[in-house]
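> return a 3D structure for these sequence lines:
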Amino acid sequence: MTFLRRLHVFLRGQHHLMAVTIVFGIVFAGAGLIAPLLVRQILVWHAEGTVETGALGIIIAVLVGSFVLRAAGRYGYGAFAHIVAYRAQHLLLVTLNRHIQSLPHRFFENRRTGNLISRAVGDVEAVEDFIAHGIPEATLAATIPTAMVIALGIINWQLMLISLIPMPLIFLLTWFVMPRLRARWGSVRQHMAELTGAVAEGISGFAVVKAFGREPERRAEIDRAGARFRDAIVRTQALTLIPVGVLEIIAGLGLVLIVAVGGNWTLEGIVPVADLFVFVVYLGMIYQPIIQVAAIGEDIQKAIASTDRIFALLDVRSNIVDRPNARPPKNPRWTVQFDQVDFAYDRGAPVLHGVDFTVPEGSLVALVGPTGAGKTTCTSLIPRFYDIDGGAVRISGVDVRDLPIAWLRSNISMVLQDVFLFEGSIWDNIAFGRPEATDAEILAAARAANVDEFAERLPGGYDARVGERGVRLSGGQQQRISIARSILKDAPILILDEATSSVDTETEGLIQESLSQLTKGRTTIVIAHRLSTVRSADLIVGLADGTVAETGSHDELLDQGGWYARMYEIQAGTARWRLGEQQAVQHA
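Okay, the predicted model is just below:
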């Protein structure tokens, strides 16, 4: 089976433990075969009247030993099976999450976080269940009945052949039902992923939900997703249980044949009662491993569906990879150049076309323009979050596609408009910028971004927990930690995407002063909607409709009388506006 071949990769190095698991399983199941044989011997002695002194004591001792052996087998079987399963689970989990981290930005734009969480955690757990139970049980379902059939063949080969008459029905059942179950369980896992996505989205957006009073709508959405999952799993479970019931009928049919034929032969004196007894007991046991596999069919089918989903994700290949001859330039100059750049997130819907400008080394260039003009897109192309469709983005005169990705991104610091903080302490989030930094360097970065102003007032100081995504801090505090993180990285190229958008006027002044020191000697690209913050930029690039509409210094753009001049005047007027003025004019 394809999924087993692919899953085998994650069992490398575990084959010896899996073999030990199966041996313990065989010991566990095999020990259960001893008791009927011992009883058969007692029946033989009774029929022949040849019981030796002390023979019964030996049988009792062997019987006790068989149950001790069975107990040891059960323990070893369960222990080693789960050791193998948990090791494979860990490897699969690490591999899958490492792969997810390597995927490009474009991949995440069309997928819900909850869906990916479902694959990275829920599907991996389902595979662990299969490794711990499905593989050993399936192995025992093949070995134990085979051993029993051989034993029965030795006792009476004619009755053994009769007992096998119903066996082809099992293979027919497997061939008919299993493919349908696999498709059904794939659908169930998909519904589970959608439910996880809805729950995760509701939790992440709880503040917005509460602010707009949309709790009933969110509850209704989760109810609908939960109902779809419930209905799908109920229907699928009903189908999954069919093989168990059919197998019970097949097992019963085999027993009926043995009682009918064997009982008649026993009455005629052809087959001893002792042999018939063993056949009846063993036939009940032969089908048990097969029935057990059918009983855990839900887990097996979940694992198959989950494995399909996991490897479908692992099969996704990033198009943002190092070229074969990618190498960093010697003695790089930190100039950033956009050379007639074309780019589209979706085919047929260009976002940038013919964008052309240069950011000289050590200069500060501001990107301005209306919402949707392509400012943030431009900055996303510099660290190669996306590959362009035409033209080139160059650093130190080298196309970024010809540079090693790790080297490229290690030399770029970014303060994004949408701040993301990890659950942990303020200190940990700042240190994320450069984990090997000294305590003195982390403190210096914190002070430069004015983090110390609020951190020292919090219980625990820099050890205070920020909460998931920084929920325990204000927007301005989150932004300052993000700036400190970028300062600590100390990269030669700095990208600021509305770095002061979430701070008050007083804090903005302090951060601007810190950023003025930070940007000295660095190539800096600033995105700003408040044009007053970029008046001192060496160059201002005005974007409109995905292309460069105007360039120049602050004064030059005011003289040109274009979009920048108009927007600057509007913002200047807005700064003088006071709440209630419009109403006062209307009432006058």
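> neighbours around Trp563, how many?
Residues contacting Trp563 under the criterion other CB atoms under 10 Å number 18. Placement of C-beta: from N, CA and C, glycine included.
> swap that for Gly57, please
Neighbours around Gly57, by other CB under 10 Å: 9.
> Ile540: what secondary structure?
strand (DSSP: H, G, I helix; E, B strand; the rest coil).
> ok, longest helix in the protein?
Longest helix of the chain, by residue count under DSSP state H: helix 55-102.
> other residues contacting stretch 261-268?
159, 162, 271-273, 275-276, 279-280 (CB atoms under 8 Å, 6 or more residues apart in numbering).
> likewise stretch 76-96?
By CB under 8 Å, 6+ apart, stretch 76-96 touches 7, 10-11, 14, 17-18, 20-21, 24-25, 27-28, 119-121, 124-125, 127-129, 131-133, 136, 310, 313-314.
> buried subset of those residues?
Using 16 or more other CB atoms under 10 Å as the burial test, the contacts of stretch 76-96 include 7, 10-11, 14, 17-18, 20-21, 24-25, 27-28, 119-120, 124, 127-129, 131-133, 136, 310, 313-314 as buried.
> which ones among those lie within helices?
Residues of the buried ones among the contacts of stretch 76-96 located in helices (DSSP H): 7, 17-18, 20-21, 24-25, 27-28, 124, 127-129, 136, 310, 313-314.
> neighbours of Gly470, how many?
Burial of Gly470 is recorded as 23 neighbouring residues (other CB under 10 Å).
> for the closest residue to it other than its chain neighbours, helix, strand, or coil?
Of all residues not flanking Gly470 in the chain, Leu421 sits nearest, at 3.4 Å (CB to CB, 6 or more residues apart in numbering). Under three-state DSSP, Leu421 falls in the coil class.
> tell me which residues touch Leu421, please.
Residues near Leu421 by CB under 8 Å, 6+ apart: 429, 466, 469-470, 473, 478, 481-482.
> again, but for Gly397
For Gly397, the contacting residues are 329, 333, 335, 337, by CB under 8 Å, 6+ apart.
> next: Gln477.
Counting by CB under 8 Å, 6+ apart, Gln477 touches 451, 454, 470.
> now swap in His353 and tell me
Going by CB under 8 Å, 6+ apart, the list of residues near His353 reads 342, 546-547.
> C-terminal to the helix or strand harbouring Val548, what's the next element?
Assigned by DSSP states H and E, Val548 falls within strand 547-552. Downstream of strand 547-552, the next assigned helix or strand under DSSP H and E is helix 554-560.
> what is the helix or strand that comes right after that next one packed up against?
Using DSSP H and E, the helix or strand that follows helix 554-560 towards the C-terminus is helix 563-576. Helix 563-576 sits against strand 539-544, strand 547-552, helix 554-560, with contacts defined as 3 or more CB pairs under 8 Å, 6 or more residues apart in numbering; DSSP states H and E.
> most tightly packed of the ones you listed?
Each of these was scored by mean neighbour count; the highest is strand 539-544, a mean of 22, by mean count of other CB atoms under 10 Å.
> sorry, back to before: contacts for the strand holding Val548?
The set of residues external to strand 547-552 that reach it, using CB under 8 Å, 6+ apart, is 352-357, 369, 374, 539-543, 557, 560, 562-564.
> do a quick rundown of the strands in the stretch 351-500 of the chain.
Counting by DSSP state E, counting those that start in this stretch, the stretch 351-500 of the chain has strands at residues 364-368, 390-395, 398-399, 412-415, 493-497.
> show me where pLDDT drops low in this structure?
Low-confidence segments of the chain, defined by pLDDT under 70: 1-3, 51, 53, 174, 178-179, 182, 203-213, 292-298, 499-518, 573-588.
> can you tell me how far the spatially most central residue of it is from Ser474?
The residue lying closest to the centre of the chain (CA atoms, centre = their mean) is Ala120, at 2.3 Å. Counting by CB to CB, to the nearest Å, the gap from Ala120 to Ser474 is 31 Å.
> repeat that for Ala35.
Distance from Ala35 to Ser474, counting by CB to CB: 72 Å.
> who has more neighbours, those two?
For Ala35 versus Ser474, neighbours defined as other CB under 10 Å are more numerous around Ala35 (16 against 13).
> isn't the more buried one right next to Ser66, touching?
Yes - using CB atoms under 8 Å, Ala35 is in contact with Ser66, at 6.5 Å.
> quick one: which of the contacts of Gly397 is nearest His46?
Using CB to CB, Pro329 comes nearest to His46 of these, at 93.9 Å.
> number of residues surrounding that closest one?
The local packing of Pro329 (other CB under 10 Å) involves 13 other residues.
> got the phi and psi for it?
Phi and psi for Pro329, reported as degrees, to the nearest 10, are phi -70, psi 150.
> could you do Pro350 as well?
According to degrees, to the nearest 10, Pro350 has phi -60, psi 140.
> which residues does it bridge with?
Under DSSP bridges, the beta-bridge partners of Pro350 are Ala344.
> report the buried residues of stretch 229-247.
Using 16+ other CB under 10 Å as the test for burial, stretch 229-247 gives 229, 232-233, 236, 240, 243-244, 246-247.
> need the residues you listed in a markdown table (columns: secondary structure and distance to Arg74).
Output for those, formatted as a markdown table (DSSP: H, G, I helix; E, B strand; the rest coil; distance: CB to CB, whole Å):
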| residue | secondary structure | distance to Arg74 |
| --- | --- | --- |
| Phe229 | helix | 35 |
| Ala232 | helix | 35 |
| Ile233 | helix | 30 |
| Thr236 | helix | 31 |
| Thr240 | helix | 26 |
| Pro243 | helix | 25 |
| Val244 | helix | 22 |
| Val246 | helix | 28 |
| Leu247 | helix | 23 |
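> just to revisit the earlier point, sheet-wise, list the partners of the strand holding Val548 with their directions.
Partners of strand 547-552 in the sheet, by DSSP bridges, are strand 539-544 (antiparallel).
> for the partner strand, which outside residues touch it?
With CB under 8 Å, 6+ apart as the contact definition, strand 539-544 has outside contacts at 355, 357, 359, 363-370, 373-375, 378, 534, 548-554, 557, 562-564.
> also stretch 486-493?
Applying CB under 8 Å, 6+ apart, the external contacts of stretch 486-493 come out as 334, 336, 382, 395, 410-415, 430-431, 433-434, 437, 441-442, 445, 448-449, 494, 514, 518, 522-525.
> which of those residues are buried? Put it as a ChimeraX command.
A single ChimeraX command is used to select the members of the contacts of stretch 486-493 judged buried by 16+ other CB under 10 Å:
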select :334,336,382,395,411,412,413,414,415,430,431,433,434,437,441,442,445,448,449,494,514,518,522,523,524,525
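> helices of the stretch 201-350 of the chain, residue ranges please.
206-211, 215-240, 242-267, 273-295, 297-314 (DSSP state H, counting those that start in this stretch).
> nearest to His191, out of these?
Using CB to CB, the helices of the stretch 201-350 of the chain put helix 215-240 closest to His191, at 4.1 Å.
> hey, what's the angle from the closest one to helix 273-295? Just curious.
150 degrees (axes from the mean of the first three to the mean of the last three CA atoms, to 10 degrees).
> do you know which of the helices and strands packed on helix 563-576 lies nearest Ile300?
Closest approach to Ile300 among those (CB to CB): strand 539-544, 55.7 Å.
> hmm, Leu37 is touching Phe279, no?
No - under the criterion of CB under 8 Å, Leu37 makes no contact with Phe279, lying 12.0 Å away.
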